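[1] Got a predicted model here, sequence first, then my questions.
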Amino acid sequence: MNVKHFIEEKILIFEITEELDHHVVDKIRKRTDYEIQRLMPKNVIFDFSKVKFMDSAGIGLILGRYKQVTNFGGEIKIVNVNERIKRILEMSGITKIVSVINLDDTEKTG
């Protein structure tokens, strides 16, 4: 498993560097839960720039962390998703509760 995390000004960033499927999600879940409980960040950002595939286990990972972080008043954001994963997130309904931001899109409009 290769998940990097950074903390800056109560923002915890997880850079996911592999596919999010049922084979790896349990390991990622344990790591993210540990860091979230340890640091109690105000915001958690999942950077998907290196994620090429995600199945329903990835949806579960995001939803579980959403519940965990919102319990202490925080927010979750997902950044740098490809179009395929963005469609999965939209179909699952996650985009109604979690912000999905493509930094490339903000550069084009900003």
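    Looks like it arrived, so ask away. Numbering: from 1, shown residues only.
[2] For the rest of this, base every contact and every neighbour count on C-alpha atoms.
    Fine.
[3] what's next to stretch 26-41, contact-wise?
    With contacts defined as Cα atoms under 8 Å, 6 or more residues apart in numbering, stretch 26-41 is touched by 1, 3, 10, 11, 12, 14, 61, 65, 69, 72, 74.
[4] For the closest residue to the fourth one other than its chain neighbours, give the beta-bridge partners.
    With Cα to Cα, 6 or more residues apart in numbering as the measure, residue 43 is the residue that lies nearest to residue 11, at 4.8 Å, once sequence neighbours are left out. When bridges are called by DSSP bridges, residue 43 pairs up with residue 11, residue 75.
[5] so what pLDDT did residue 43 get?
    The per-residue pLDDT reported for residue 43 equals 93.
[6] same deal with residue 9?
    In this model, residue 9 is scored at 76, pLDDT.
[7] isn't residue 52 right next to residue 82, touching?
    Yes: under the criterion of Cα atoms under 8 Å, residue 52 makes contact with residue 82 at 7.4 Å.
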